[in-house]
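*Asks:* Fold the following.
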Amino acid sequence: MTPPACAGPAGRGEPRSSSSGGRGGNVTDTQILKFLLALAFVVVLARVAGRVARRFGQPDVIGELAIGIVVGPTLLHGRVADLLFPGTVRPFLNAVANLGLVVFMFVVGLELDRRTVREVGRATAGAALGSTLAPLALGALLGLYLAPRHAAGHETGFVLFMAVAMAVTAFPVLARIIGDRGLGGTLLGTVALSTAAVCDVVAWTLLAAVQAMVGDASAWQIALLVPYVAVMFLVVGPLLGRSGLADALSARSPSALAVVLIGLLLSAAATQALGLHFIFGAFLFGLVLPRGRTDEARSALLGSVQFGTVLLLPAYFVLVGLKVNLADTTMKDVLDFGLILLTAVVAKFGGAFVGARLQGLPTRTSALLAVLMNTRGLTELVALGVGLSMGVLDRDLYGLMVVMALVTTAMTGPALRLLGVDRPAEGSAPGAPHREP
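*Replies:* Down below sits the predicted model:
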């Protein structure tokens, strides 16, 4: 998006360009007006839809995604979408949505504490293996079945992507569910967070590998990815840790926040320049950022970026909806969706449950863990968006996969209530130190 140049208000006549001439990619006052109105409308829709979702015991993301689909081409074949979000506005919304994705993936990396991954115990190892390997295997088989009709030019990349898409877990949503339900410090909460952390690290690593395989990156760009990741972990992270950044963030220093935002944007730009999607750079920077001796720095930083997510992410949900067209769904599509949903649930729930039981976790705790692992949320949408941008997904399958993410996330709350999550899981009590059974 070309940034608007500073200009005074337009006169009462026809709208003027915010730069002279209104040509050569310059932004007009009318475009700015339409964009601001569209963005305000998007935020209002997202907040209202999120509140409705909460009334039904669902996370905000369910309502926000649902309203995004409703205002897309699915309703009246796109006439509503064209009226609310004309083509001249969509590039601006896309820029806002991309900034929202940068912030979101940074938060994913920030909330994924590396100590949680390192402290994987015997019980977590079994659950992590089950909830990662089973979705990868069943997702690959599903990809082989769907490839003849949906692989957009790269069958191997398509099969691998479907495997990764089945393995994704929404770590931020899961962490909030655990906190809201009072499961922090319980056996279930600890194992779930550790398992989800391992799953997401594996999933994002494999997704990066898929993009490196099917993308347009040259050999030298791919070769630089490994040293870049090493520099981030071995140089950037320790330097930021010794700089006192965590203490400055705890004190809510504007300068410290500026350092974080600059580093975030540079890291996202670096992976984009190296042929990977910018989300990987944002995720990586959140992962290496020092936490400090307590969670105070992380909490302060999360509070600072909260405004950005409220303003920026709703635009992403609308763009997701604009790419989903269910109006022309055929019976074959319905059958495909049923198979996709069945594979997603069986792979995640079955893999996590069997893995946890084999490692000796109680039956109820294993079932609750499996339900949590089946939560996909916005994280799945981000992965699907990468697949669409890479060209390994076509629009029809993208729409079906988005609905799968919506359904599996919506299943979590009712399934937890059905299993009596309000009472302590076996082997632990709320607030008590976790232990293996």
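*Asks:* residues of the strand or helix carrying residue 255 that come out buried?
*Replies:* Assigning secondary structure by DSSP states H and E places residue 255 in helix 254-273. Neighbour-count burial for helix 254-273, with 16 or more other CB atoms under 10 Å as criterion, is recorded at 256-257, 259-261, 263-265, 267-268, 270-271. For the C-beta atoms, the positions are set from N, CA and C on the backbone; glycine is no exception.
*Asks:* remind me which residues of the stretch 201-350 of the chain are low pLDDT?
*Replies:* For the stretch 201-350 of the chain, applying pLDDT under 70 flags the ranges 292-295.
*Asks:* right, and residue 350 touches residue 134 too?
*Replies:* Yes. Counting by CB atoms under 8 Å, residue 350 sits close enough to residue 134 to count as a contact (6.1 Å).
*Asks:* and the two? which has more neighbours close in?
*Replies:* Between residue 350 and residue 134, counting by other CB atoms under 10 Å, residue 134 is the more crowded of the two (22 against 17).
*Asks:* residues touching the more buried one, list them.
*Replies:* Applying CB atoms under 8 Å, 6 or more residues apart in numbering, one finds that residue 134 lies in contact with 347-348, 350-352, 354-355.
*Asks:* just residue 43 next, same as before
*Replies:* For residue 43, the contacting residues are 310-311, 314, by CB under 8 Å, 6+ apart.
*Asks:* can you confirm it is in a strand?
*Replies:* No. Read with DSSP: H, G, I helix; E, B strand; the rest coil, residue 43 is helix and lies in no strand.
*Asks:* And it, how far from residue 78?
*Replies:* 22 Å (CB to CB, to the nearest Å).
*Asks:* Likewise for residue 46?
*Replies:* Per CB to CB, residue 46 is found 20 Å from residue 78.
*Asks:* quick one, which of those two is more surrounded?
*Replies:* For residue 46 and residue 78, the more surrounded residue by other CB under 10 Å is residue 46, and the numbers stand at 25 against 15.
*Asks:* pLDDT averaged over the helix or strand hosting that one, what's the number?
*Replies:* Under the criterion DSSP H and E, the helix or strand holding residue 46 is helix 29-55. The predicted model gives helix 29-55 an average pLDDT of 89.
*Asks:* quick one: which of the contacts of residue 134 has the most company?
*Replies:* Going through these with other CB under 10 Å as the criterion, the one with the most neighbours is residue 352, at 34 neighbours.
*Asks:* now the buried residues of helix 254-273 in TSV, with distance to residue 92?
*Replies:* Formatted as TSV, the entries for those read as follows, by distance: CB to CB, whole Å:
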residue	distance to residue 92
256	30
257	25
259	28
260	25
261	21
263	26
264	21
265	19
267	24
268	19
270	25
271	24
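*Asks:* Distance from the helix holding residue 46 to the middle of the chain?
*Replies:* Here helix 29-55 shows a centroid-to-chain-centroid distance of 20 Å under the convention CA atoms, centre = their mean, to the nearest Å.
*Asks:* Stretch 127-145 too?
*Replies:* For stretch 127-145, the gap between its own C-alpha mean and the chain's C-alpha mean amounts to 19 Å (CA atoms, centre = their mean).
*Asks:* next one: phi and psi at residue 56?
*Replies:* As for residue 56, its main-chain torsions (degrees, to the nearest 10) stand at phi -100, psi 20.
*Asks:* what's the burial count for it?
*Replies:* For residue 56, the neighbour count with other CB under 10 Å is 11.
*Asks:* so where do the strands sit in this protein?
*Replies:* Counting by DSSP state E, the chain forms no strands at all.
*Asks:* need the contact list for residue 421.
*Replies:* Residue 421 makes contact with 181, 183, 368, according to CB under 8 Å, 6+ apart.
*Asks:* still on that earlier bit, and of the contacts of residue 134, the nearest to residue 103?
*Replies:* Distance from residue 103 was checked for each of the contacts of residue 134 by CB to CB. The minimum falls on residue 348, at 26.5 Å.
*Asks:* So the closest one sits against residue 369, correct?
*Replies:* No. When contacts are counted by CB under 8 Å, residue 348 is not listed as touching residue 369 (10.5 Å).
*Asks:* what about the residue nearest to residue 406 when sequence neighbours are not counted, neighbour count?
*Replies:* Excluding its sequence neighbours, the residue lying closest to residue 406 (CB to CB, 6 or more residues apart in numbering) is residue 65, at 5.4 Å. By the criterion of other CB under 10 Å, residue 65 has 29 neighbours.
*Asks:* Residue 318 too?
*Replies:* A count of nearby residues for residue 318, using other CB under 10 Å, gives 28.
*Asks:* what residue lies at the spatial centre of this protein?
*Replies:* Closest to where the C-alpha atoms of the chain average out (CA atoms, centre = their mean) is residue 379, at 2.3 Å.
*Asks:* so who does the closest residue in space to that residue that isn't next to it in sequence touch?
*Replies:* Leaving aside its sequence neighbours, residue 379 sits nearest to residue 170 (CB to CB, 6+ apart; 4.2 Å). Residue 170 is in contact with 375-380, 409, counting by CB under 8 Å, 6+ apart.
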